[in-house]
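Visitor: everything below, folded, please.
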Amino acid sequence: MAVNGQDAGMKNKDVKSVNDNQLRKWELGIKLAQQFNYPALHTDLLFSIYLKNHNIYFGPEYTLLMKNLYGDPVDEWDKEYLGVALGYRYIINSTLRKLNFFVSTNFSFYQVKYEEYQLGPPNQTSHYDFVVENTAGFGLNYCISKGILIYGEIGIGSTSGFFLMINEFIPHAGIGLEIKLK
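Guide: Residues are numbered from 1 along each chain as shown. I've put the predicted structure just below:
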């Protein structure tokens, strides 16, 4: 016999949403992410740790520069770099079974190299700079099957060493695939 739409043997504590079951314990995952923070394109392989609504992720990153970050247009920059990425997400509870929203912060750390040319000796100077990109954004996760998520996000960022210290705004967009490990 049903009571309030439930079987008599089922208790209220047994009725949980998918999000409750997914976000109550420690979980691990692997993410493959593509981020576009103009003028840099990042490809990340990230290791992900979940606890309740919190997600921390970190891993190696390949960066491709579409144009020089700064300086004289005649300076010659290397275009490809390896670095490290890390980030944090807060996942907003949702009543939808396969979809939820999140807010995130992402950081990219990499060293750039460029050659500066000038008249007179030494004519050419090599420069090495350490870049810290940081972004803030929002996005949504979609669970395509148990343990497999796709996601997209948009936001803003900067290349200052401190979080969102504004010397310039850079647009941020990202997509990714995540596999949660059992």
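
Visitor: what residue is smack in the middle of the chain?
Guide: residue 106 (5.0 Å; Cα atoms, centre = their mean).

Visitor: ok, that residue - contacts?
Guide: Residue 106 makes contact with 35, 85-87, 133-135, 137, 157, 172, 174 under the criterion Cβ atoms under 8 Å, 6 or more residues apart in numbering. Any C-beta I mention is one placed from the backbone N, CA and C, and that applies to glycine too.

Visitor: which helix or strand contains it?
Guide: strand 99-117 (DSSP states H and E).

Visitor: sheet partners, orientation included, of the longest strand along the chain?
Guide: Determined from DSSP state E, the single longest strand within the chain is strand 124-145. When pairs are called by DSSP bridges, strand 124-145 turns out to pair with strand 99-117 (antiparallel), strand 148-158 (antiparallel).

Visitor: list the buried ones in it?
Guide: In terms of neighbour count (16 or more other Cβ atoms under 10 Å), strand 124-145 has its buried residues at 131, 133-137, 139, 141, 143.

Visitor: what sits closest to residue 108 if chain neighbours are left out?
Guide: Excluding its sequence neighbours, the residue lying closest to residue 108 (Cβ to Cβ, 6 or more residues apart in numbering) is residue 133, at 4.2 Å.
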